[in-house]
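Visitor: Requesting a structural model of the entry that follows:
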Amino acid sequence: MKLRDYQQDACDAITAAWEDHQSVMAVLPTGTGKTEIFVHLAGNWEQGRVLIVAPLIQLVSQAVKKVTKRTGIAPGIEQASQTSCELEYMRSPFVVGSKQTLTGASKRYKKLVNIGLVIIDECHLATTDLYKEMLDYFRDRGAKVLGLTATPNRHDGIGMDNIFDHCAINMGISDGVDQGWLVRAKAKCVQLESLDLSLVSTKGSKGDFKDGELANVMERDEVVFEIADVAARESENLKTVIFCACVNEAQAVAERLVDRYGKRADWICGDKIRCPDEKRQEVLDSFTEDPEGLQFVCNVGILCLGWDFPGLEHIVMARPTKSLGLFTQIFGRGTRPLDGVVDFEGSTAESRLAAIEASDKTHFRITDLVDSSMQHKICTSADVLAGNEGVAITARARKLMQQAGSAIDVEGALTEAELQLKVEEKQRKKREEEERQRRLRDSVEAQARYRSFSVNPFDTNHVSDGVASKKGPRMTFGKHKGKLLRDIPTSYLDWLMREANISQPWLRNSIAKEHRERVQPMRTSL
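Guide: I've put the predicted structure just below:
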């Protein structure tokens, strides 16, 4: 099978990086064929055998099928009771194993010989001590390591640089959409009046919500009823997966959709006692294979990784999370275009985008359910596609999604949010400049007034407000402060002469002179 152009570019970048680094990582979004990339590299590896490690049973099965199909050679399997034959004349050049089996108490990875390349699928999960111990074992024996993931940024803050030396390629969801490999998302943010997460605590300073506390809130009847109501209203006839926080929530929402709204709905979870393999497979087959089968699947912890269904049209996020990685994995379930739409001879970004627009799946919808308190920072679709846009733009986009009457394009919301913030910033700067100019004008006027009142009383050249001042000494205190002494009533001058203790000699002498000039003519006339 011919690789897509970015897949070939990724293979070339990884191979080049191995020349200088032992452990290399590749970041590509869900739906862009990470399996095709590592199977291609495995098939062309010539320096020993290849070990592929997957975190889930379904991913082990997926890798086994792809390796067999692309290379024509069945790999050995290390999973539970299945074990790889290590006899020299019988062993396969490829081994696929689950991380639980390989890193368990028996450390079965140590039985594998001549491993020259270790491939870690969903490598964001490979930060545990047991994982690192296994990788160190093979690295110490000269093996190269490749990790692939769609979500390298862990919510707990543990960096991938603890495991990998170099990131060879970093492709985001927006890149896949712009290049016509993925379908865009239209999102709506709905605030549930009955949902209050203000008292739900988190796991440590950077962790997600505590599972038990979150489950207690999400399985309350009023919350379940509101989730089912929103899902029934927003889904129309779309194939919809509702991601839930706990089994009781999933079961109750599914039953509510059936009993209250007459919808074709069921639920699945990872608990094999409550949901045996047979039930889970039956539910998924009905949802994915039968157009008249289930419209809704309420899911707990099953469909976040390793589940590919291009026909998925709508996601309802009824599992509040603070983990961008988890939300991104869930978001990626909807980004795949329908089979055969974008893979054709001579395709370009423009022709692929046109093909998606002409298909039966031009986009997928996602409904983000958030709580009424809004005290927690809950991840939404805007956070997934924001990239380096910044907190303010993401928050504004989330607000636009919440205010919209229907689902809107997420990237369009981010663009509109950025535009609004730029306009507001321009208006803010204009207001600040106007205020600065006002303060400047007022300061000039205030300074002029200040100078007019603080002038030396004997300064005959003082000018106030553009008009020449009257000459003469002025009163410096009391109710006639600032007035020329000659303008003050004689009765007040009499009081000053009798009662006031004036400490300023010039003022005392000036008052006496002014009083004497007034009183002396009166005595002369008598």
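
Visitor: Phi and psi next, for V341.
Guide: phi -80, psi -40 (degrees, to the nearest 10).

Visitor: what residues does stretch 253-260 touch?
Guide: Under the criterion CB atoms under 8 Å, 6 or more residues apart in numbering, residues 224-225, 227-228, 231-232, 242, 244, 263-267, 296, 298, 318 lie in contact with stretch 253-260. In short, each C-beta sits where N, CA and C put it, glycine included.

Visitor: How about stretch 308-319?
Guide: 31, 218, 227, 230-231, 234-235, 238-245, 249, 253, 287-288, 300, 327, 330-331, 333-334, 336-339, 361, 364-369, 380.

Visitor: how about a cut-off of 7 Å?
Guide: 227, 231, 235, 238-245, 253, 288, 330, 333-334, 336-339, 361, 364-369 (CB atoms under 7 Å, 6 or more residues apart in numbering).

Visitor: Please parse this protein into its domains.
Guide: Using automatic domain parsing, the domain parsing of the chain gives 5-171, 180-420, 470-525.

Visitor: and A168, that one's in a strand?
Guide: Yes. According to DSSP: H, G, I helix; E, B strand; the rest coil, A168 belongs to a strand.

Visitor: what residue lies at the spatial centre of this structure?
Guide: D383 (2.6 Å; CA atoms, centre = their mean).

Visitor: need the contact list for it.
Guide: L324, F327, T394.

Visitor: change it to 6 Å
Guide: L324, T394 (CB atoms under 6 Å, 6 or more residues apart in numbering).

Visitor: go on, T490?
Guide: R518.

Visitor: ok, it to G306 distance?
Guide: 104 Å (CB to CB, to the nearest Å).

Visitor: how close does the spatially closest residue to N237 that is not a sequence neighbour get to M475?
Guide: Nearest non-adjacent residue to N237, counting by CB to CB, 6 or more residues apart in numbering: Q295, 7.0 Å away. Q295 sits 91 Å away from M475 when distances are taken as CB to CB.

Visitor: Next up, identify which helix or strand S92 is on.
Guide: For S92, there is no host helix or strand (DSSP states H and E).

Visitor: Share the number of residues neighbouring it, please.
Guide: 19 (other CB atoms under 10 Å).

Visitor: How about G212?
Guide: 9.

Visitor: tell me the contacts of it?
Guide: Counting by CB under 6 Å, 6+ apart, G212 has no contacts.

Visitor: A helix includes it, no?
Guide: Yes. The assignment for G212 by three-state DSSP puts it in a helix.

Visitor: Check what pLDDT it gets.
Guide: Model confidence at G212, given as pLDDT, is 94.

Visitor: now P521
Guide: Reading off the model, P521 has pLDDT 59.

Visitor: Give the buried residues for stretch 83-93.
Guide: S84, R91, S92, P93 (16 or more other CB atoms under 10 Å).

Visitor: Buried by neighbour count, from the contacts of stretch 308-319: which ones?
Guide: Counted by 16+ other CB under 10 Å, the contacts of stretch 308-319 give 227, 231, 235, 239-245, 253, 288, 330, 333-334, 336-337, 361, 364-369 as buried.

Visitor: Strands - which of those land there?
Guide: Secondary structure from DSSP state E places T240, V241, I242, F243, C244, F364, R365, I366, T367, D368, L369 of these in strands.

Visitor: Now distance to K2 and pLDDT too, for those, in TSV please.
Guide: Formatted as TSV, these follow (distance: CB to CB, whole Å; pLDDT from 0 to 100):
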residue	distance to K2	pLDDT
T240	34	97
V241	31	97
I242	37	97
F243	35	96
C244	40	96
F364	27	94
R365	32	93
I366	32	93
T367	37	92
D368	37	89
L369	41	88
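
Visitor: Quick one: the helices in the stretch 201-350 of the chain, in order.
Guide: 211-218, 221-235, 247-261, 277-289, 324-331, 349-358 (DSSP state H, counting those that start in this stretch).

Visitor: same for the last one, what does it pack against?
Guide: Put plainly, it is helix 349-358. If you count contacts as 3 or more CB pairs under 6 Å, 6 or more residues apart in numbering; DSSP states H and E, helix 349-358 packs onto no helix or strand.

Visitor: what residues does that helix touch?
Guide: Q179, G180, V183, P337, V341, V342.

Visitor: what residue ranges in this structure score low on pLDDT?
Guide: 153-160, 205-206, 372-378, 385-390, 444-470, 520-526 (pLDDT under 70).

Visitor: Looking at it, which helix is longest?
Guide: Identified as the longest helix of the chain according to DSSP state H is helix 410-453.

Visitor: any idea of the angle it forms with strand 363-370?
Guide: With axes from the mean of the first three to the mean of the last three CA atoms, to 10 degrees defining the directions, helix 410-453 sits at 50 degrees from strand 363-370.

Visitor: what packs against helix 410-453?
Guide: Against helix 410-453 (3+ CB pairs under 6 Å, 6+ apart) you get helix 381-386, helix 391-403.

Visitor: Can you lay out the ones you listed as CSV showing distance to R431?
Guide: Output for the helices and strands packed on helix 410-453, formatted as CSV (distance: least, CB to CB, whole Å):
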stretch, distance to R431
helix 381-386, 28
helix 391-403, 18
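
Visitor: and among the ones you listed, the most buried is which?
Guide: helix 381-386 (a mean of 25; mean count of other CB atoms under 10 Å).

Visitor: hmm, back to that, and the buried ones among the contacts of stretch 253-260, selectable in PyMOL?
Guide: Here is the PyMOL command that picks out the buried ones among the contacts of stretch 253-260, judged by 16+ other CB under 10 Å:
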select buried, resi 224+227+228+231+232+242+244+263+265+266+267+296+298+318
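
Visitor: tell me which of the contacts of stretch 253-260 is nearest to R428?
Guide: A318 (37.9 Å; CB to CB).

Visitor: gap between the residue nearest to P75 when sequence neighbours are not counted and G48?
Guide: Closest residue in space to P75, ignoring its immediate chain neighbours: F94 at 3.6 Å, by CB to CB, 6+ apart. For F94, the distance to G48 equals 11 Å [CB to CB].

Visitor: can you check T15 too?
Guide: 15 Å.

Visitor: Quick check: H363 touching R184?
Guide: Yes. Between H363 and R184 there is a contact under CB atoms under 6 Å: 5.0 Å.

Visitor: rewinding a little: between the longest helix of the chain and helix 391-403, how many degrees?
Guide: Using the same axes, to 10 degrees: helix 410-453 against helix 391-403 is 120 degrees.

Visitor: re the thing from before, tally of neighbours for the residue nearest to P75?
Guide: As a measure of burial, F94 has 26 neighbours, counting by other CB under 10 Å.

Visitor: try the one 10 residues further on
Guide: Residue neighbour count, defined by other CB under 10 Å, stands at 13 for G104.

Visitor: could you pull out the strands for the stretch 1-150 of the chain?
Guide: 23-27, 49-54, 76-78, 94-98, 115-121, 144-149 (DSSP state E, counting those that start in this stretch).

Visitor: Would you format those as CSV with distance to C275 included?
Guide: Converted to CSV, these look like this (distance: least, CB to CB, whole Å):
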stretch, distance to C275
strand 23-27, 32
strand 49-54, 22
strand 76-78, 25
strand 94-98, 20
strand 115-121, 24
strand 144-149, 27
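
Visitor: among the ones you listed, which is nearest L440?
Guide: strand 23-27 (52.5 Å).
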